[in-house]
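Participant: Fold the following, please.
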Amino acid sequence: MSMMQRLSLSTLPSLPQAVRRPAYDPRRTTTGIVHLGVGAFHRAHQAVYLDDILATDPQWAIAGASLRRADMRDALAPQDNLFTVAFRSGEGAQLRVIGSLKAIHVAPQDPEALLAQMCDPAVRIVSLTITEKGYCHDPATGDLNPAHPDIVADLANPRAPTTAPGLIAEALRRRREANIVPFTVMPCDNLPSNGETTHRIVSQYAALIGGDLARFVENDVAFAGTMVDRIVPATSDGDIAEITAALGVEDAWPVVSEPFGQWVIEDRFPTGRPDFAAVGAEMVSDVEGHERMKLRMLNGSHSTLAYLGYLGGYQTVAQAIADPAYEALVRGLMTEEVMPTLQMPGTDLGGYREALLSRFHNPALQHRTWQIAMDGSQKLPQRLLGTVRDRIAAGAPFDRLALGVAAWMRYVTGTDEAGAPIDVRDPLADRLRAIGEEAGRDPERLAAAYLGIGDVFGADLRNHPEFRRAVTAALAALLTDGAAATVARTAHSPH
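Facilitator: Prediction:
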């Protein structure tokens, strides 16, 4: 093992000239934001915007929190919480060291330390990237799931919570008791109306605790909805080796990202906020239209590409979209089925579609179809099924959407087209696999059983004859002919 030096405040000055580094002294910043869910996406997105902000306003450093594991803290603590983002495109990589993370808490190890940080009067924003499943909600309704085992555990011990709703509610309760104004809650996850949804989930959790905390959360706490966009693949060992070699010092956990970034934020910060607009974020009164556009066009296409791509033998999005039939399918999905459901006057949806397709083609991003395929039972309602409902209401066709849904069903059976096992990562993975084993390769039985999962499809879609027919037909084609042949046929058939 070579004794290469680690990235840290002391090795910053020795980095190559081309590496961009913080334009401020990270030791002189103060923490103004607590961020729950400090993973790759947060470090390539919000942390980069705040790194720009800290150059002129030092009071907005971030204290991150991992809600499950200690690995991120353990990797970054010896580096003074510095890390590198490699922005990769066809032209190569731009390396940038980020200094906006001040600390990383590990909630299960020391919930008290995290709650104390959340109660610091200097903290005026608590932001979140905890993925859809971290909200402990029912994705079909958007309500808190009171039977979720982690919520049941928090309600039994509300002073030492482990979930995001539990932590936020307890921190707000303590601040109120100490006469400290509440922070603004800023979710940055792909939930429909994420500000409103998070407000509802935290209020419902507070109501279950009892007392008048729920009324306080409902009436006195601001929730700022956002739309975030940046493609951030999981960091590979190869990425770490390549970035370490370019730096000349070791970075234990860098992040890889596309250059494109977007952040649309509802301006609801009664106790103050950084100047987000000065660093390229867009401040709006209502984020819902942007959010729906992104969920349905980018995320819906991504999920469709992930399931069909994986089944067709493509490991990355760039490989899948390079197949002309897959590109034609996704272009048709956006143009014919998604864009008509979006009311976005003044927004160039066709231009947005072209930008998305060129981002999917970025050869430098090894964004694995398997990674995007995770947690589909949580993602499908937002990414595909809302669009399906709008198409049904309009009496319009939805063949490509139905194929995306059928591809998810085929994927979660847990066996690929060569008969090899698929490592399905999903909160419902065991249930999904059991259904697949029970129904076998009979498309009628398989589709009916998966459509019966109310958490995903609700009662309306399960019982909708035309939706059931379309999904069953698409699933039959996938089981008989495979993904590549089915995509080719769907992409080129007249709709």
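Participant: Which segments of the protein make up each domain?
Facilitator: Taking automatic domain parsing as the criterion, the chain consists of the domains 12-285, 289-492.
Participant: Reformat those into a markdown table and put mean pLDDT, distance to Met4 and mean neighbour count next to each item.
Facilitator: (C-beta placed from N, C-alpha, C; glycine too.) Converted to a markdown table, the domains of the chain look like this (pLDDT from 0 to 100; distance: least, CB to CB, whole Å; neighbours: other CB atoms under 10 Å):
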| stretch | mean pLDDT | distance to Met4 | mean neighbour count |
| --- | --- | --- | --- |
| domain 12-285 | 97 | 5 | 19 |
| domain 289-492 | 96 | 24 | 19 |
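Participant: so how far does stretch 239-257 reach from one end to the other?
Facilitator: Chord length of stretch 239-257, first to last residue, is 11 Å (CA to CA, to the nearest Å).
Participant: swap that for stretch 330-347, please
Facilitator: Terminal residues of stretch 330-347 lie 20 Å apart, using CA to CA.
Participant: cool, stretch 317-325 as well?
Facilitator: According to CA to CA, stretch 317-325 extends 13 Å from its N-terminal end residue to its C-terminal end residue.
Participant: mind listing the strands for this protein?
Facilitator: Secondary structure of the chain (DSSP state E): strands located at 31-36, 61-66, 83-89, 92-98, 101-106, 125-128, 137-138, 143-144, 184-187, 226-229, 255-257, 262-266, 282-284.
Participant: ok, and what's touching the fourth one?
Facilitator: Going back to what we said before, that points to strand 92-98. Counting by CB atoms under 8 Å, 6 or more residues apart in numbering, the neighbours of strand 92-98 from elsewhere in the structure are 7, 12, 15, 18-22, 43, 47-48, 51, 82-87, 243, 246-247, 259, 364.
Participant: quick revisit: make a markdown table out of the domains of the chain and add distance to Met3.
Facilitator: Below are the domains of the chain laid out as a markdown table (distance: least, CB to CB, whole Å):
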| stretch | distance to Met3 |
| --- | --- |
| domain 12-285 | 10 |
| domain 289-492 | 30 |
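Participant: Could you save the strands of the chain as JSON lines and add columns showing distance to Ala328?
Facilitator: Conversion of those to JSON lines gives the following (distance: least, CB to CB, whole Å):
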{"stretch": "strand 31-36", "distance to Ala328": "40"}
{"stretch": "strand 61-66", "distance to Ala328": "41"}
{"stretch": "strand 83-89", "distance to Ala328": "24"}
{"stretch": "strand 92-98", "distance to Ala328": "30"}
{"stretch": "strand 101-106", "distance to Ala328": "42"}
{"stretch": "strand 125-128", "distance to Ala328": "37"}
{"stretch": "strand 137-138", "distance to Ala328": "35"}
{"stretch": "strand 143-144", "distance to Ala328": "38"}
{"stretch": "strand 184-187", "distance to Ala328": "35"}
{"stretch": "strand 226-229", "distance to Ala328": "24"}
{"stretch": "strand 255-257", "distance to Ala328": "28"}
{"stretch": "strand 262-266", "distance to Ala328": "26"}
{"stretch": "strand 282-284", "distance to Ala328": "32"}
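Participant: Compare those and report which one is nearest to Thr369.
Facilitator: strand 255-257 (16.4 Å; CB to CB).
Participant: how far does that closest one sit from the chain's center?
Facilitator: Its chain's average C-alpha position is 15 Å from that of strand 255-257, according to CA atoms, centre = their mean, to the nearest Å.
Participant: Report all helices and strands that it contacts.
Facilitator: Taking 3 or more CB pairs under 8 Å, 6 or more residues apart in numbering; DSSP states H and E as the contact definition, the neighbouring helices and strands of strand 255-257 are helix 40-44, strand 83-89.
Participant: centre of the chain versus the shortest one, how much separation?
Facilitator: Mean-position distance between helix 40-44 and its chain equals 10 Å (CA atoms, centre = their mean).
Participant: Just the residues contacting it, thanks.
Facilitator: Contacts of helix 40-44 with the rest of the structure, by CB under 8 Å, 6+ apart, involve 35, 64, 83, 85, 98, 101, 129, 188, 228, 230, 232-235, 255-257.
Participant: and with 10 Å instead?
Facilitator: By CB atoms under 10 Å, 6 or more residues apart in numbering, the surrounding residues in contact with helix 40-44 are 35-36, 47-48, 62, 64, 72, 76, 83-87, 96, 98, 100-101, 127-131, 188-189, 228, 230-235, 253-258, 261.
Participant: ranges for the helices of the stretch 351-495 of the chain?
Facilitator: The residue ranges that make up the helices of the stretch 351-495 of the chain, judged by DSSP state H, counting those that start in this stretch, are 369-372, 376-380, 386-393, 399-412, 429-439, 443-451, 454-462, 465-481, 483-492.
Participant: one step back: what's the closest of the helices and strands packed on strand 255-257 to Glu327?
Facilitator: Proximity to Glu327 (CB to CB) singles out strand 83-89 among the helices and strands packed on strand 255-257, at 18.9 Å.
Participant: Adjacent strands (with direction) for the closest one?
Facilitator: Counting by DSSP bridges, the strands paired with strand 83-89 are strand 92-98 (antiparallel), strand 255-257 (parallel).
Participant: Next one: Ala93 relative to Arg6, how far apart?
Facilitator: Note on Ala93: its distance to Arg6, by CB to CB, to the nearest Å, is 20 Å.
Participant: for Glu132, that is, sorry about that
Facilitator: Between Glu132 and Arg6 the computed distance is 34 Å (CB to CB).
Participant: that older thread, quick one, which of the helices and strands packed on strand 255-257 is nearest to Ala113?
Facilitator: Ranked by CB to CB, the member of those that lies closest to Ala113 is helix 40-44, at 19.2 Å.
Participant: Please dump the strands paired with strand 83-89 into CSV; it should also carry distance to Gly289 for every row.
Facilitator: Putting the strands paired with strand 83-89 into CSV (distance: least, CB to CB, whole Å) gives the following:
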stretch, distance to Gly289
strand 92-98, 30
strand 255-257, 25
